[in-house]
Each structure stands twice: as structure tokens, then as C-alpha cells.
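Engineer: how does the following fold in three dimensions:
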Amino acid sequence: PNGGRINMGRYGNTIEASSFAAQMIIKDFSYEPGCEASRLISLSGRYFGHTQGGGKIWLGDQEANTIVLWTDTLIQFSAESHSIAGNSIILSNATGARDTVPAEQTYTPFVQYVEGEVSGVWTADCPGTYILTGNVVIPSGAKLVIEPGVRVLVDRRQAGNGASFTVKGSLEAMGTIEAPIQFSLLPYQANPGGWAGLLIDLQSGTDHTRMRHCLVEYALHGITIKDSKTEMDSCIVQYSRDNGVYWDAKYEAVAGSLKNSKLIHNGGYGIKIAAVGRSSGSANASPQICQNLIANNQKGGISISAQ
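Structural biologist: Residues are numbered from 1 along each chain as shown. Have a look, this model is predicted:
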């Protein structure tokens, strides 16, 4: 209204007033998780323009035609849920200024946020993606089944670098070649050591862990095992900041098996086996390890120690 001049003081709205170049910016974006076919997407920021005018929004290469709200600091529009993940959000206001949410930052809305104690079945159809906002524990005596194709992702912004997935009960994570199960970070947060990893510490004789065609990545230790009833087959553990798979026998016996798997690109050893005893009791670590590919780990392939 004032030609880009600050409207205050003696020279308000005149050419002598100081010029002010407003830069449009998207500060944040959000949408609610769930299984609905369409989603309301919110963009918050500044200098969007008080009305839409000739402003436009694109989701990928498709223009968004259902704009629900347009204010200077908040825009809301609806889109088909399946079209959100992996597509950039491009905003252009009435003056032609643009800003973009990059494609690598958009995520599927078919998600469920989880923390604390878990059990039951995590399904692949919907939500399909489970985002950890804190530590997750399968309690002793409880069981969690994870279906093929499920993604378990840690949100570092909410959970912090120390978030862990602890198994004290039973875990059945049986993926397939076509539909592996993924344990990782949100894609745009991926960094070795970004979460604690899987900790398997079963508490009763009836508890067990079975993992097949699972991908575990970007953890501190990919998988730490403190029991004798863990079976892993055809899994990939990669980009851990320290060890890939770690059998940790402190004052106890641990075993289990690791077969047909890949331990690659970890910052420590691909596999570490350590037994620590004491005067009042011994420790023993005797896992079965066969037909694995162990390569490109910074400290080496396999480390075995006892004291």
C-alpha cells in the first residue's frame, strides 16, 4: 500500500521514507497423520500476502486447486494423501516471490507416532510407517509383530540421539525380499549415531526375537544382544556410528544366531562379541555366525574378547 516504504514518521508513504523489501519465507509445514484419502496441509511463515490474489501452490508438478485459507502468515490447502511424500511444495505469492519445501523433507502422512510400551501388530497397509518420538519398549511377556514392509523411523527432533527400541518381551519382525522391514531415522535426519539402536534384553524364558529381511541403519550400535534367544537371518546392518551387531555378555551367557546377513559401512566392527565375568559368576558368549558379508567397517570385521 505504501510502495515498499515504511509507513511511519514524517516521511511515511513518501519516496524519502526508508525502503522495506519483504522476503517471503516458509518457516514450517505440517499435516495430521492418519489413513484418510486426503490431507489438509498447513504452511506457516511470513509475507505470504493477506489474500491469495494471483498466488499459487504446487505439490510436485501438480497445482493445488483446493486452497482453504490464505493469510500473510498461514496457508492451508488440501491434497491427496498418497501424493505428498517425495514431492516438493512450491509457494508463489501474488508478487511472484517463491519459496519451497524440498522433496526430501516431505514424508508420508500414513504414519503413527509411538513411544513408551508397545505390543500387538504394526501393520503395513496403514499406517505402515511408525515414527518414534521417544524410547520404545516391548515389556516382558508382551509381543510385537511387525509386518513386512513396515518402516520404523526415529524423529531425532523429538526423541533425541539416545532414543532406543528395547525388546524385553518378544519381537517378530519377519520381512521379505520384496518388503523388508526398516529401522532407521527420518530421511532428512539420517546420520550415523542418530539413535541408540535395537537393544534385545529378554526377561523371561518364553520371550524371543526373530528378525528376517530387516534393515537397521544410522544407530549408535545397530543391534545389541544380551540374551540367547535372538535369531537374525538375511538382515542388513549399516552406517552405525559404532558396531553393527554387538553381543554383550556381562556376567551372563548370551547366544543366538546371525545368518545370511550384511554388516557393512559401520564405524566400529561389523560384529563385536564381548564376555565380561566376575569372581562370583562367569560370562559366556557363543552366537552362531555363518554365511554373512562383513565389509567396509572402520575397525574391522569381527572382534572377540573376554575377561
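Engineer: span of stretch 148-156 from start to end?
Structural biologist: Terminal residues of stretch 148-156 are spaced 24 Å apart (CA to CA, to the nearest Å).
Engineer: what residue ranges in the chain score low on pLDDT?
Structural biologist: Filtered on pLDDT under 70, the chain yields the residue ranges 1-21, 279-281.
Engineer: distance of Asn161 from Thr206?
Structural biologist: 33 Å (CB to CB, to the nearest Å). All C-beta spots, glycine's among them, are computed from the backbone N, C-alpha and C.
Engineer: check which residues of stretch 293-307 are buried.
Structural biologist: 294, 297, 303 (16 or more other CB atoms under 10 Å).
Engineer: contacts for that stretch?
Structural biologist: 243-244, 261-277, 283, 285, 289 (CB atoms under 8 Å, 6 or more residues apart in numbering).
Engineer: using PDB, write out every CA atom in that stretch.
Structural biologist: Written as PDB, here are the backbone C-alpha positions of stretch 293-307 (Å, rounded to 0.1, in the frame of the first residue of the first chain):
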ATOM      1  CA  LEU A 293      29.000 -60.500   4.300                       C
ATOM      2  CA  ILE A 294      31.100 -58.300   6.600                       C
ATOM      3  CA  ALA A 295      32.800 -55.500   4.700                       C
ATOM      4  CA  ASN A 296      34.000 -51.800   4.900                       C
ATOM      5  CA  ASN A 297      33.700 -51.500   8.700                       C
ATOM      6  CA  GLN A 298      36.200 -49.000  10.000                       C
ATOM      7  CA  LYS A 299      37.700 -51.000  12.900                       C
ATOM      8  CA  GLY A 300      37.500 -54.400  11.300                       C
ATOM      9  CA  GLY A 301      35.200 -57.400  10.600                       C
ATOM     10  CA  ILE A 302      34.800 -59.300  13.900                       C
ATOM     11  CA  SER A 303      36.100 -58.600  17.400                       C
ATOM     12  CA  ILE A 304      36.000 -61.300  20.100                       C
ATOM     13  CA  SER A 305      37.100 -60.500  23.700                       C
ATOM     14  CA  ALA A 306      36.700 -62.000  27.100                       C
ATOM     15  CA  GLN A 307      37.800 -61.000  30.600                       C
END
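Engineer: could we number from 17 for the rest of this?
Structural biologist: Yep, numbering from 17; the last one is stretch 309-323 now.
Engineer: next one: it to chain centre, how far?
Structural biologist: 27 Å (CA atoms, centre = their mean, to the nearest Å).
Engineer: over to stretch 178-196?
Structural biologist: Per CA atoms, centre = their mean, the centroid offset for stretch 178-196 relative to its chain is 14 Å.
Engineer: quick check: Ser220 touching Ser156?
Structural biologist: Yes. Judged on CB atoms under 8 Å, Ser220 makes contact with Ser156 at a distance of 5.4 Å.
Engineer: what about those two, which has more around it?
Structural biologist: Ser156 (15 against 12; other CB atoms under 10 Å).
Engineer: alright, I will stop here.
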